[in-house]
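In: Provided below are the primary sequence and the corresponding predicted coordinates.
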Amino acid sequence: MTQKEFQHPVDDRYFEDYTAGSVYEYGSVGISESEIITFARDYDPQSIHTSPKMAANGPFKGLIASGWQTVGLMMRLFVAHYLSSVASLASPGVDEVRWSKPVRPGDKLWLRVSTLEIRPSRTKPDRGMVISLLEAINQNGENVASFKAMNLIARRTPTQAAAK
């Protein structure tokens, strides 16, 4: 079930607002050649990311973004639109990071977030775990990257719930 928005905005969103089976779409964010090169020089200095000339003769026949930069772009959209700005506590990690297609200069990405599971904490009643599948989709509708995120989200207090 694809939805446009949550019932509550990101600055008033708590564990109770996430529903397993919901799918949300956000975007887009573009990426330029200079952004790819700048990021790669600092964090992933492989020639396929830093040198258009060398990358032209490489396995992808042109410059591509680092997968880590792609994940960063996904996180930008995830944090801005899906993850609560008032109740997000931490993340114990991510699973199944995949880079399925290269991201190239000029690409525009949007994010599809599928809420896979919500689980109240057994030991800490003030929070729960939200497990989501994040997929980056390019302007051609191709999945370019994905990962599963685990996020600890605070529950509404009884006072907050009563105010709703």
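Out: Okay, I see it.
In: where's residue 139 relative to residue 61, distance?
Out: 19 Å (CB to CB, to the nearest Å). The way it works is simple: take the backbone N, C-alpha and C, and place the C-beta from them, glycine included.
In: ugh, typo on my part, it should be residue 9
Out: 43 Å.
In: Pick out whichever of those two has more residues nearby.
Out: Neighbour totals were compared for residue 9 and residue 61, and residue 9 leads with 13 against 10 (other CB atoms under 10 Å).
In: List phi and psi for that one.
Out: Backbone dihedrals for residue 9, given as degrees, to the nearest 10, come out at phi -70, psi 170.
In: how about the helices in the protein?
Out: Taking DSSP state H, the helices of the chain run over residues 33-43, 47-50, 52-56, 67-81, 158-163.
In: In contact with the spatially closest residue to residue 157 that is not a sequence neighbour, which residues are there?
Out: Once flanking residues are discounted, residue 157 sits nearest to residue 126: 7.9 Å by CB to CB, 6 or more residues apart in numbering. Residues near residue 126 by CB atoms under 8 Å, 6 or more residues apart in numbering: 154-155, 157.
In: Would you convert those residues into JSON lines that also reports distance to residue 100, neighbour count and pLDDT?
Out: Converted to JSON lines, the contacts of residue 126 look like this (distance: CB to CB, whole Å; neighbours: other CB atoms under 10 Å; pLDDT from 0 to 100):
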{"residue": "154", "distance to residue 100": "33", "neighbour count": "19", "pLDDT": "97"}
{"residue": "155", "distance to residue 100": "35", "neighbour count": "18", "pLDDT": "96"}
{"residue": "157", "distance to residue 100": "41", "neighbour count": "11", "pLDDT": "76"}
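In: of all the residues you listed, which comes closest to residue 46?
Out: Residue 46 lies nearest to residue 154 out of those, by CB to CB, at 39.6 Å.
In: Verify the stated contact: that closest one with residue 125.
Out: No - judged on CB atoms under 8 Å, residue 154 makes no contact with residue 125 at a distance of 10.8 Å.
In: End to end on stretch 24-36, go ahead and measure it.
Out: Start-to-end span of stretch 24-36 (CA to CA, to the nearest Å) is 27 Å.
In: Just give me how far that stretch sits from the chain centre.
Out: Relative to the chain's own centre, stretch 24-36 is displaced by 12 Å; criterion: CA atoms, centre = their mean, to the nearest Å.
In: Appreciated, that's everything.
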